[in-house]
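> Got a sequence here, can you build the structure:
(one chain, ligands or ions: 1)
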Amino acid sequence: MASPSNSNNLVSQRGKCKRTHDGHIYIRDKCSKDGTRVFWRCHHLGACKARLHTSASDDGVLKVLGVHSDEPNPSAVEVAAKRTALKRRAEECQETPLQLIESVFESSTQAAKLVLPSCETLSRSINRARKNAMRQAASPQDRSSIVIPEELTMYESEPGVFERFLIGDTGEGDPARILLFGRESVGEWIGLSRKIFVDVCYALLPDKSQNLYARMIQLIRAAWPAFAPEAISTDFEMGFVNAFTASFPDAETWLSVQKMKKKLGDLNLLSRYRNEGSFALSARMICALAFVPLGDLNNAIAELAVALPHELMPVLKYFEDTYVGSLLHILPDGTIIRREPLFPQSMWSVHLRTLNGDSRTNNYAEAAHRRLQTEFGVKHPNLWRFIEGLKRVQHHRDMLYARFESGNRPAAKRRKYEEIDRRVLELVNNFHIHTVVGYLRGCASNFVMNP
Ligand SMILES: [Zn+2]
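I've put the predicted structure just below:
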């Protein structure tokens, strides 16, 4: 719909085209077949049969057909025109709804003021107009030209308290533009945070090269100068891990072995994983290799291979190639020579970490990812909706963090995890008294892969 040029034209609530003439309001009906005329109906649809024909080229009134059953209502026409002006202003400037309503309606006639809709109704139409305008402007074709509306760059942590949410931006005109979102105030405590388990910010990157990850880390450090983690747990690719290690050479980086779940999906085994208890346990036994002392891994893989259902062999092979290193050859004395694994063992093995009482799994991060997935059920949400979604996720996380800070983790859950931790520690302490397969089964029955 072309933007109306004539002051008789109105913007109606649901995007229907409206216009006024001689004290009456009309709703656009259709065009004539030859495209030269536009047909309008009186907005008292059903009650009034009057029609209006206008020229499609210059919008001029050609004729009025029929007689109105309603009286001309100049106040309603005036209010409708003001409401159109209000919506236009709402899209163009950032004044609050009350400021907008006052400035648009202050010049109204007394008669019009008497029939004004309530402030609530007007505020709602302002918000709706802004949202529609954002939607139309969204999904820019080219990331270098994105201009983010001011209100999306801010975060309201509690009513009336704002802080920046767009905390990093490599700038308009950058073809490899990076946008970084997070709470600016996180910079106040992030320096105290030794281990990062949960996403503290969200970055939109054009691709996943190590170079871009390095730029992203620079942006984070610029936003939060105190950011200096000693350890980070991540599902990212090696590009991120390398960039991270280059920026924080002393930090420990480790991965969970949850990528196994994706492998099961690739092999169309997820349905069996979900529905067959013993199959699921076998699959988790592959992940449980992370609990095996590094020196016993070769033996554990060999014994597990015999015990697994054959459909899971490709998963075991994947684990071996990715995390342990693919088999090159076996020396006469039995020594096994492997390729360098993609992920060094220090990064994923939880054996020592369990003995040391460090956090084994990553329940916080997993809950956070689940939450992200529910928020972004749509595959390709447009950018503005995506940012709105990030803010909702951030609010949810603020709530969890506040609870965590006040020590109010749900007691039942805490007990459950403590119990699991205790059982796993017991197993790990007694690795050598179990058979390898029994040990793996024991570990595997104490955790689930993230859903
Ligand atoms: Zn009428």
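> Tell me the gap between stretch 114-131 and the middle of its chain.
30 Å (Cα atoms, centre = their mean, to the nearest Å).
> got the contact list for it?
11, 13, 75-76, 79, 83, 86-87, 90-91, 97-98, 100-101, 105, 108 (Cβ atoms under 8 Å, 6 or more residues apart in numbering). Where you see a C-beta, it was placed from the backbone N, CA and C, and this is true even at glycine.
> which of the residues you listed count as buried?
11, 75-76, 79, 83, 86-87, 90, 97, 100-101, 105, 108 (16 or more other Cβ atoms under 10 Å).
> Just name the closest of those to Pro341, please.
Ala90 (56.8 Å; Cβ to Cβ).
> before we move on, the earlier item: could you dump the buried ones among the contacts of stretch 114-131 into TSV with distance to the ion and secondary structure added?
TSV is the format used below for the buried ones among the contacts of stretch 114-131 (distance: Cβ to the ion, whole Å; DSSP: H, G, I helix; E, B strand; the rest coil):
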residue	distance to the ion	secondary structure
Val11	20	strand
Ser75	15	helix
Ala76	11	helix
Val79	17	helix
Arg83	19	helix
Leu86	24	helix
Lys87	24	helix
Ala90	29	helix
Pro97	31	helix
Leu100	30	helix
Ile101	28	helix
Phe105	25	helix
Ser108	23	coil
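> Tell me where the model's unsure across this structure.
For the chain, the stretches flagged by pLDDT under 70 are 1-7, 11-16, 135-142, 191-200, 230-238, 250-259, 357-382, 404-417, 447-451.
> again, 80 this time
1-16, 92-94, 132-146, 186-210, 227-262, 342-386, 389, 396-397, 399-422, 446-451 (pLDDT under 80).
> Close to the ion: what parts of it are there?
Proximity of the chain to the ion (Cβ under 5 Å from the ion) is limited to residues 42, 44, 48, 50, 68, 70.
> Leaving out chain neighbours, which residue sits closest to the fifth one?
Of all residues beyond its chain neighbours, the one nearest His68 is Ala50 (4.5 Å), with distances taken as Cβ to Cβ, 6 or more residues apart in numbering.
> Can you give me the neighbour number for that neighbour?
Ala50: 18 surrounding residues under other Cβ atoms under 10 Å.
> you'd agree it is up against Lys63?
No: assessed by Cβ atoms under 8 Å, Ala50 is found out of contact with Lys63, at 11.1 Å.
> And the residue of the stretch 151-300 of the chain closest to the ion?
Here the residue of the stretch 151-300 of the chain nearest the ion is Glu151; by Cβ to the ion that distance is 39.8 Å.
> The residue lying closest to that residue once chain neighbours are set aside and Phe165, how far apart?
Excluding its sequence neighbours, the residue lying closest to Glu151 (Cβ to Cβ, 6+ apart) is Gln94, at 6.9 Å. As judged by Cβ to Cβ, to the nearest Å, Gln94 and Phe165 stand 15 Å apart.
> Also Gly295?
In this view, Gly295 and Phe165 are 48 Å apart by Cβ to Cβ.
> just Ser157 next, same as before
On the measure of Cβ to Cβ, Ser157 and Phe165 end up 10 Å apart.
> Can you check which residues contact both of these two?
Arg183.
> Tell me which of those two has more neighbours.
Legend: neighbour count by other Cβ under 10 Å for Ser157 and Phe165, higher for Phe165 (24 against 15).
> Three-state assignment for the closest residue in space to the more buried one that isn't next to it in sequence, please.
Spatially, and ignoring its direct neighbours in sequence, Phe165 is nearest to Tyr155 (3.7 Å; Cβ to Cβ, 6+ apart). Here Tyr155 is strand, with the state taken from DSSP: H, G, I helix; E, B strand; the rest coil.
> mind listing what Met216 touches?
So Met216 contacts 168, 178, 180, 203, 205, 243 (Cβ under 8 Å, 6+ apart).
> Among these, which are located in strands?
Residues of the contacts of Met216 located in strands (DSSP state E): 168, 180, 203.
> thinking again about what came up before, ok, and the most crowded of the residues of the chain next to the ion?
Cys42 (22 neighbours).
> Show the contacting residues for it.
By Cβ under 8 Å, 6+ apart, Cys42 lies in contact with 24-27, 48-52, 68, 70.
> buried subset of the ones in strands among the contacts of Met216?
Counted by 16+ other Cβ under 10 Å, the ones in strands among the contacts of Met216 give 168, 180, 203 as buried.
> Out of the residues you listed, which comes closest to Leu304?
Ala203 (37.7 Å).
> From what I see, that closest one and Arg215 are in contact.
No: checked against Cβ under 8 Å, the pair Ala203 and Arg215 is beyond contact range at 9.5 Å.
> Need the residues touching each of those two.
Joint contacts of Ala203 and Arg215 (Cβ under 8 Å, 6+ apart) are Ile178.
> ok, the residue nearest to Phe165 touching Leu166?
No: counting by Cβ under 8 Å, Tyr155 stays clear of Leu166, with 9.1 Å between them.
> Helix, strand, or coil at the closest residue to Pro97 other than its chain neighbours?
What sits nearest to Pro97 in space, not counting adjacent residues and going by Cβ to Cβ, 6+ apart, is Ser123, at 4.0 Å. What three-state DSSP gives for Ser123 is helix.
> I'd like to know how far Ser123 sits from Asp59.
Where Asp59 is concerned, Ser123 sits at a distance of 31 Å (Cβ to Cβ).
> quick one, which of these two is more surrounded?
Neighbour totals were compared for Ser123 and Asp59, and Ser123 leads with 17 against 14 (other Cβ under 10 Å).
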